[in-house]
Structure formats: C-alpha cells, structure tokens
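# here is my input, please return the structure:
(one chain, ligands or ions: 2)
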Amino acid sequence: MTEPVLRVQNICKSFGALKASDDVSLDLYPGEIHALIGPNGAGKSTLIKQICGGLMPDSGRIEVLGRDVTTLDTVARARMGLGRTFQISSLAMEFTVLQNAVLGALGARGKAFRFFGNVMKDETLLAPARRALERVGLEEDASRRTADLSHGQRRQLEVAVALTLEPRLFLLDEPMAGLGGGGSKALTAFLDELRHEAPILLVEHDMDAVFALADRISVLVYGKVIATGTAEDIRANAEVRRAYLGE
Ligand code: ADP
Ligand code: MG
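Numbering: from 1, shown residues only. Ligands and ions are numbered 1, 2, ... in the order given. Next up is the predicted model:
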C-alpha cells in the first residue's frame, strides 16, 4: 500500500461554543486531488489553517509524509514541503510580481530578511522565483506592480508563490474564486498537471472544477465530514444533495 502524503486524524477545534472542526479525518495520496467542499462557514479554511500550522487543533493528529507535525509551526511545515494559497490574498500589492515570487522563495527557505536589495540579487531565490512565474505564465509580467494585475493574474501569482517552495503537497483554498470561465478553465488544466508533481487538497466552490478534477471529494457541514467518495458517490449521496447541492 502507498502511504498518504497527508493524514488528518480526528481533528477537533472549537471557537467558544462553535465546533469549527468536529472530529475531522481525511487523507491525501500521491498524484491525487482531494476536494473539500461545503457551505460557507462549514470550517474548510479553519481545517486548512490547522494543516498549515497557523492554528492549533484542540485535539487530533496531523501527519505529513509519515511524520507527526501536529505541534510544528508554519515555517517548519513549509520547510517539509507544505505549499499553500490563501482564501484572502497574501500578496504585497505595491511590490512587483517578481518581488512577490522572490519573497515566497525567501519565506520557503526560512531565510532571514535583511536588505531587500540583496534579496533581489540572490540567484538562489531569483531562479526558483522566475521558474515559478514561467510555470503559471506570468514571466512577461515579472516587472509589473502586483496591484496592476487582473484578479485572475493575482491568483496565478499566488500559485506561483506557493510553487517557489517546490512543495511535496499543495493546500489550495478557493483558487478559482473570482476567476472568469476562461481563467478557471486554464487553472483547472494547470492543477490537473500539478497533481503529478505534488498532490492537492483543494477547497473549492466551483463545482465544475471540482467534478472535473477531484479523485475524491469530502463534504464538510458544520465542522463534520458527512461524506467522502468519488464524484459519482458524492453526486448520488442524498444527504449531500440536501445539505450542500441545495436539492
Ligand atoms: P469556511 O472556510 O468553510 O467558509 P471557516 O473555516 O472560515 O469556514 O469558518 C468556520 C466557522 O468558524 C465559521 O462559523 C467562522 O465564523 C468560525 N471562525 C473561523 N475562524 C474563527 C476565529 N478565529 N474565531 C472565532 N470563530 C472563527
Ligand atoms: Mg473559507
């Protein structure tokens, strides 16, 4: 049996009386796209934050590449190869596209930030930054100010920032949000390739993208995984149709 790249076991997290994660378990295998869907407020972003180390679970266990990472911080987890994008953009809008990618490469390597001028001359950061921009098709926009990019290009840049880490797995929180049809088609094709490099846990509302990409889908409702299965299983599940698909 192949080992999962990510294993989330019995995670619980409460905010006061609210159970944002209620005994959540899921896993992610090499080459796989595992989609996490569910209504707003279901606890999808909260789960992603706990996997990244930005938020500590009250109980439960998280393993990455066979190693217990439950008590490790975000930097240690990033160094182990955990790449992510955020639901809320983390880009520096006044910086250029290349500067954002270089900052990503810097953060990924856990290097100390001293003089920005030196950082922008560091070939060990520039090379992976340029490579990542090329992969998402932003190489010609490298010197543009991030604030001047279209919404779709900013989402591409976020993926590029995650790529600078050369991750072993990706956590993507609503990467299609706000993209037009063309943009989400292009990103869908890109993610379909990317999965062979590193498997993807994909939080996404765009059901066309989810059904096109996901090998497995988990449905989260009020902090609980109510179903995990293939697209077919999920489409046929009466509880899911009621709770999420609105039928
Ligand atoms: P989703 O990403 O599925 O839309 P979230 O994970 O963002 O949902 O939120 C799940 C629930 O937890 C929501 O009710 C939200 O208001 C609540 N929540 C999230 N973060 C916090 C926090 N830091 N403090 C209190 N409540 C929170
Ligand atoms: Mg969310």
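# what sits against Ala101?
Residues in contact with Ala101, defined by Cβ atoms under 8 Å, 6 or more residues apart in numbering, are Ala129, Arg130, Ala132, Leu133, Ala142, Leu157, Ala160, Val161, Thr164. In short, each C-beta sits where N, CA and C put it, glycine included.
# show me what contacts the closest residue to Glu204 other than its chain neighbours?
If the residues on either side of it in the chain are set aside, Glu204 comes closest to Val210, at 5.2 Å by Cβ to Cβ, 6 or more residues apart in numbering. Counting by Cβ under 8 Å, 6+ apart, Val210 touches Ala35, Ile37, Leu202, Glu204, Ile217, Ala231.
# list the buried ones in the helix or strand where Val210 lies?
Assigned by DSSP states H and E, Val210 belongs to helix 207-213. Using 16 or more other Cβ atoms under 10 Å as the test for burial, helix 207-213 gives Met207, Ala209, Val210, Ala212, Leu213.
# what domains does the record give for the protein?
1-81+169-179+200-247, 91-166 (automatic domain parsing).
# touching ligand 1 at all, the first one?
Yes. Domain 1-81+169-179+200-247 lies in contact with ligand 1 when judged by Cβ under 6 Å from any ligand atom; the contacting residues are Phe15, Leu18, Ala20, Gly38, Asn40, Gly41, Ala42, Gly43, Lys44, Ser45, Thr46.
# where does Pro30 fall, phi/psi-wise?
phi -50, psi 140 (degrees, to the nearest 10).
# what sits against it?
So Pro30 contacts Thr2, Val5, Pro199 (Cβ under 8 Å, 6+ apart).
# what subset of those residues is buried?
Val5, Pro199.
# count of neighbours near the residue of the chain found nearest ligand 2?
Here the residue of the chain nearest ligand 2 is Ser45; by Cβ to the ion that distance is 3.2 Å. By the criterion of other Cβ atoms under 10 Å, Ser45 has 20 neighbours.
# what helix or strand does it sit in?
helix 44-52.
# output that helix as CSV, restricted to C-alpha atoms.
In CSV, the C-alpha atoms belonging to helix 44-52 read as follows (Å, rounded to 0.1, in the frame of the first residue of the first chain):
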residue,chain,number,x,y,z
LYS,A,44,-12.9,24.5,5.4
SER,A,45,-10.5,27.4,5.9
THR,A,46,-10.2,26.5,9.6
LEU,A,47,-9.1,23.0,8.7
ILE,A,48,-6.6,24.3,6.1
LYS,A,49,-5.1,26.6,8.7
GLN,A,50,-4.7,23.7,11.2
ILE,A,51,-2.9,21.6,8.5
CYS,A,52,-0.5,24.5,7.8
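# buried ones in the helix or strand that that helix is followed by?
Scanning forward in sequence from helix 44-52 by DSSP H and E, the next helix or strand is strand 59-64. By 16+ other Cβ under 10 Å, the buried positions in strand 59-64 come out as Gly60, Ile62, Glu63, Val64.
# what's the closest non-adjacent residue to the third one?
Spatial nearest neighbour of Glu63, chain neighbours left out: Arg7 (4.2 Å); criterion: Cβ to Cβ, 6+ apart.
# sec struct for the one you found, please.
Classification of Arg7 by DSSP: H, G, I helix; E, B strand; the rest coil places it in strand.
# what's the answer for the one 4 residues further on, then?
Look at Ile11: counting by three-state DSSP, its state is strand.
# what score does it have for pLDDT?
The score at Ile11 is 98. That number is its pLDDT.
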